[in-house]
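Novice: need a structure here:
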Amino acid sequence: MVYLALEKILNEFAEKEGKEHVDTYNKVALTAKAEGYADVEAMLCAYAEEEAKIAKTAKNVSELLKVKALLSEFAEKEGKEHVDTYNKVALTAKAEGYADVEAMLCAYAEEEAKIAQTAKNVAA
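Specialist: From the prediction side, this is the model:
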């Protein structure tokens, strides 16, 4: 699924951004500080903070994609399994002359379909 591929890419990016770039800027900032370049240190520390924010944003987007993927799977399963099951049992009830049970099961199927559609809409 596209969500999972994007999630993987974003997680890798966030990890690399967080570890490599932030650590590098902070290391060079410490060297600048030790050599008496406070202005360079401040600039590099600001860069490190921005890189950390970028990594956090990528991680947050990755988590959002994971939720979207789960909702999409849920919507698919809800639509196929639950709705189909209720409708199938409703047909059996109808064939056996239980109109009230059929109506109840059809109502359940409609509700399940609405739940699936809502999950699908939220995932989109």
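Novice: rest of the way, CA atoms for contacts and neighbours
Specialist: Fine.
Novice: Tell me who's in contact with the residue nearest to residue 63 when sequence neighbours are not counted.
Specialist: Nearest residue to residue 63, sequence neighbours excluded (C-alpha to C-alpha, 6 or more residues apart in numbering): residue 7, at 7.4 Å. By C-alpha atoms under 8 Å, 6 or more residues apart in numbering, the contact list for residue 7 reads 61-63, 65-66.
Novice: Look up phi and psi at residue 57.
Specialist: phi -60, psi -40 (degrees, to the nearest 10).
Novice: Report pLDDT for it.
Specialist: The model reports residue 57 with a pLDDT of 88.
Novice: same deal with residue 1?
Specialist: Among the per-residue scores, residue 1 holds a pLDDT of 61.
Novice: ChimeraX command to pick out the buried ones of the contacts of residue 7?
Specialist: The following ChimeraX line selects those of these that are buried, judged by 16 or more other C-alpha atoms under 10 Å:
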select :61,62,65,66
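Novice: With distance to residue 28 as extra columns, can I get the contacts of residue 7 in JSON lines?
Specialist: Below are the contacts of residue 7 laid out as JSON lines (distance: C-alpha to C-alpha, whole Å):
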{"residue": "61", "distance to residue 28": "29"}
{"residue": "62", "distance to residue 28": "29"}
{"residue": "63", "distance to residue 28": "31"}
{"residue": "65", "distance to residue 28": "34"}
{"residue": "66", "distance to residue 28": "35"}
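Novice: from the contacts of residue 7, which ones fall inside helices?
Specialist: 61-63, 65-66 (DSSP state H).
Novice: does residue 36 sit in a helix, a strand or a coil?
Specialist: With DSSP: H, G, I helix; E, B strand; the rest coil as the basis, residue 36 sits in coil.
Novice: Adjust the sequence numbering to begin at 23 for everything that follows.
Specialist: Sure, I'll start counting at 23 from here, so that last one is residue 58.
Novice: show me what contacts the closest residue to residue 33 other than its chain neighbours?
Specialist: Excluding the flanking residues, the one nearest residue 33 by C-alpha to C-alpha, 6+ apart is residue 81, at 5.9 Å. Listed by C-alpha under 8 Å, 6+ apart, the contact set of residue 81 reads 32-33, 36.
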